[in-house]
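Undergrad: Sharing a sequence plus its predicted fold:
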Amino acid sequence: MFMSATDLRHTQSAQKNIVAAVFLYKIRMLNVAFSLFCLLRYTLDEFGTARRCAVVRGFIDALTRGGPGGTPRPIEMHSHDPMRYVGDMLAWLHQATASEKEHLEALLKQVTLQGVDENMQEVVGHITEGVCRPLKVRIEQVIIAEPGAVLLYKLSNLLKFYHHTISSIIGTSVASLLMTIEEMHILSKKMFFNSLSLHASRLMDKVELPPADLGPTASLTQTLSLLREVLASHDSSVVPLDARQADFAQVLSCILDPLLQLCTVSASNLGTGDMATYMVNSLYVMKTTLALFEFTDKRLEMLEFQIEAHLDTLINEQASYVLTRAGLSYIYSCVQQHSAEQGPLSLLPSMDGSSVKAAMVQFDRYLSSPDSLVMPQLNFLLSAAIKEQIFRQSTELVCRAYREVYTALTNPANSYKDPENLLPRSPQQVQTLLS
């Protein structure tokens, strides 16, 4: 069955009318939605302005008047205590920000328009914007007063924590309050590192000579005490772990690198044994300070390498000290430098049988009391374990030297008569006596 031309025209006309009606309806709905959105926007702006004024008044009252009946007390009564003063202000703002967001959520819970969350974040940012100037002025006063490196570092961490906490409420980093807190965080951190740099430059301006006991200098002890306080506040910081680890290397560089340079300059005029002892003691106290805290593994490894280098010096010095006083130094030196072209060892000056016999008698007295020959510097070492390590390894060097002497003097090519009488003890016996 086919439509007539007239019916077809009527049908097409009806369809056009329906499409036009639907289009007009959508236009009206869009106009209504737009009107509702504009009304919502206007309402939120008015609400935000009113609440902004209320929050500013509340903040100023909290600073100067305290709570109802004076409880809690005015925040500015604690202005002498930087951490509590700044902490109380930020805590009040954190609570106020959370309350304002809860009010908005309750106000808009029935609203289904798109973009409500973004508007809510914007309004909360607008409400808290009014407190930025009074907050900034007060925190700046605290920071510029230079309360000390440790307090500056604690303030920096406190500001970082509240920036992270409040941003989770506002939800946007462009809010004026968050930008103000971040600005103060950067300022306090900059002042902290400036304080450390100034401390380091003062150390190098007047280098302190090592004390008579070759222990750490007073300036080293004071600086390590400062480092200990900084690291303790770092470990107890409420800042997220990754953020704490990020600036930790910089803190150690600002303090440890100048300290190492200071110790090197301070020891530059000492003798070999004194210098090695002083450096081992200084590095040891640095190592024991760092060992108590996290994120110090690389620095501890570096300090351990430096201690080992100076230990090698002390081990060789102690072995040389023993060989010299036990009468074996000259003989050992001749054995090391001797070549076959020079002829037998026994023909060299002071290497005849009677001279060697006298030296071995002296060496035997050392074997009967090996603890009596300890160079004085070892008694100044702060670590008993390090002293024991030096004594043990230097004794091994002495045993090795005696073994070389024994081998050379019992060699028939060196023409010693009755070498068993000259050297009554074998290398194994000497090692047993010294072990």
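TA: Cool, the structure landed. Numbers count the residues shown, from 1 in each chain.

Undergrad: What average pLDDT does stretch 353-373 get?
TA: Mean pLDDT, computed over stretch 353-373, is 87.

Undergrad: What would that stretch look like as PDB? C-alpha coordinates only.
TA: Extracted as PDB, the C-alpha positions of stretch 353-373 are listed here (Å, rounded to 0.1, in the frame of the first residue of the first chain):
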ATOM      1  CA  GLY A 353     126.900 -12.700  63.600                       C
ATOM      2  CA  SER A 354     127.400 -10.900  66.900                       C
ATOM      3  CA  SER A 355     125.300  -7.800  65.900                       C
ATOM      4  CA  VAL A 356     122.500 -10.100  64.800                       C
ATOM      5  CA  LYS A 357     122.700 -12.100  68.000                       C
ATOM      6  CA  ALA A 358     122.400  -8.900  70.100                       C
ATOM      7  CA  ALA A 359     119.400  -7.800  68.000                       C
ATOM      8  CA  MET A 360     117.700 -11.100  68.500                       C
ATOM      9  CA  VAL A 361     118.200 -10.900  72.300                       C
ATOM     10  CA  GLN A 362     116.500  -7.600  72.200                       C
ATOM     11  CA  PHE A 363     113.700  -9.000  70.000                       C
ATOM     12  CA  ASP A 364     113.300 -11.900  72.400                       C
ATOM     13  CA  ARG A 365     112.600  -9.400  75.300                       C
ATOM     14  CA  TYR A 366     109.800  -8.000  73.100                       C
ATOM     15  CA  LEU A 367     108.400 -11.400  72.600                       C
ATOM     16  CA  SER A 368     108.100 -11.900  76.400                       C
ATOM     17  CA  SER A 369     106.100  -8.700  76.800                       C
ATOM     18  CA  PRO A 370     104.600  -7.600  73.400                       C
ATOM     19  CA  ASP A 371     102.000  -5.300  75.000                       C
ATOM     20  CA  SER A 372     104.800  -3.100  76.300                       C
ATOM     21  CA  LEU A 373     105.600  -1.700  72.800                       C
END
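
Undergrad: starting at the chain centroid, how far to that stretch?
TA: How far stretch 353-373 lies from its chain's middle: 52 Å, per Cα atoms, centre = their mean, to the nearest Å.

Undergrad: From the centroid of this protein, which residue is nearest?
TA: F248 (3.5 Å; Cα atoms, centre = their mean).

Undergrad: so which strand or helix has that residue?
TA: Following DSSP states H and E, one finds F248 within helix 241-266.

Undergrad: Next, the buried residues of stretch 336-351.
TA: Applying a neighbour-count criterion of 16 or more other Cβ atoms under 10 Å, one finds H338, L345, S346, L348, M351 buried in stretch 336-351. Bear in mind the C-beta positions are built from the backbone N, C-alpha and C, glycine included.

Undergrad: Equivalent analysis for stretch 164-171, please.
TA: By 16+ other Cβ under 10 Å, the buried positions in stretch 164-171 come out as T165, I166, S167, I169, I170.

Undergrad: just stretch 120-135 next, same as before
TA: Here stretch 120-135 shows 120-132, 135 as buried, counting by 16+ other Cβ under 10 Å.

Undergrad: before we move on, what about stretch 350-360?
TA: Judged by neighbour count (16+ other Cβ under 10 Å), stretch 350-360 contains these buried residues: M351, G353, S355, V356, A359, M360.

Undergrad: Just name the closest of the residues you listed to C53, please.
TA: C53 has its nearest neighbour among the buried residues of stretch 350-360 in A359, at 98.0 Å by Cβ to Cβ.

Undergrad: these two touch, right, that closest one and L328?
TA: Yes - contact criterion Cβ atoms under 8 Å: A359 and L328 qualify, at 6.4 Å.

Undergrad: For stretch 164-174, output the C-alpha coordinates as PDB.
TA: Taking Å, rounded to 0.1, in the frame of the first residue of the first chain, the C-alpha atoms of stretch 164-174 are listed here in PDB:
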ATOM      1  CA  HIS A 164      50.200  18.500  52.400                       C
ATOM      2  CA  THR A 165      47.300  18.200  54.800                       C
ATOM      3  CA  ILE A 166      45.300  21.300  53.800                       C
ATOM      4  CA  SER A 167      45.800  20.500  50.100                       C
ATOM      5  CA  SER A 168      43.900  17.200  50.600                       C
ATOM      6  CA  ILE A 169      40.900  19.300  51.800                       C
ATOM      7  CA  ILE A 170      41.000  22.100  49.300                       C
ATOM      8  CA  GLY A 171      42.000  19.800  46.500                       C
ATOM      9  CA  THR A 172      43.900  22.400  44.400                       C
ATOM     10  CA  SER A 173      47.400  23.800  44.700                       C
ATOM     11  CA  VAL A 174      46.500  27.200  43.300                       C
END
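
Undergrad: switch to numbering from 52
TA: From this message on, residue numbering opens at 52, which makes the last subject stretch 215-225.

Undergrad: How far away from the center of its chain is it?
TA: So, by Cα atoms, centre = their mean, the centroid of stretch 215-225 is 27 Å from its chain's centroid.

Undergrad: and that stretch, average pLDDT?
TA: For stretch 215-225, the per-residue pLDDT averages 81.

Undergrad: do the same with stretch 363-371
TA: The pLDDT scores in stretch 363-371 average 94.

Undergrad: Give me the contacts around it.
TA: Around stretch 363-371, the neighbours that count as contacts under Cβ atoms under 8 Å, 6 or more residues apart in numbering are 323-324, 326-328, 331, 380, 425-426, 428-429, 441-442, 444-446, 448-449, 452.

Undergrad: Give me the buried positions along that stretch.
TA: Buried, per 16+ other Cβ under 10 Å, within stretch 363-371: T364, L365, I366, N367, E368, Q369, A370, S371.

Undergrad: In JSON lines, list the residues you listed along with distance to L282 and secondary structure.
TA: Below are the buried residues of stretch 363-371 laid out as JSON lines (distance: Cβ to Cβ, whole Å; DSSP: H, G, I helix; E, B strand; the rest coil):
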{"residue": "T364", "distance to L282": "30", "secondary structure": "helix"}
{"residue": "L365", "distance to L282": "29", "secondary structure": "helix"}
{"residue": "I366", "distance to L282": "32", "secondary structure": "helix"}
{"residue": "N367", "distance to L282": "35", "secondary structure": "helix"}
{"residue": "E368", "distance to L282": "34", "secondary structure": "helix"}
{"residue": "Q369", "distance to L282": "35", "secondary structure": "helix"}
{"residue": "A370", "distance to L282": "38", "secondary structure": "helix"}
{"residue": "S371", "distance to L282": "40", "secondary structure": "helix"}
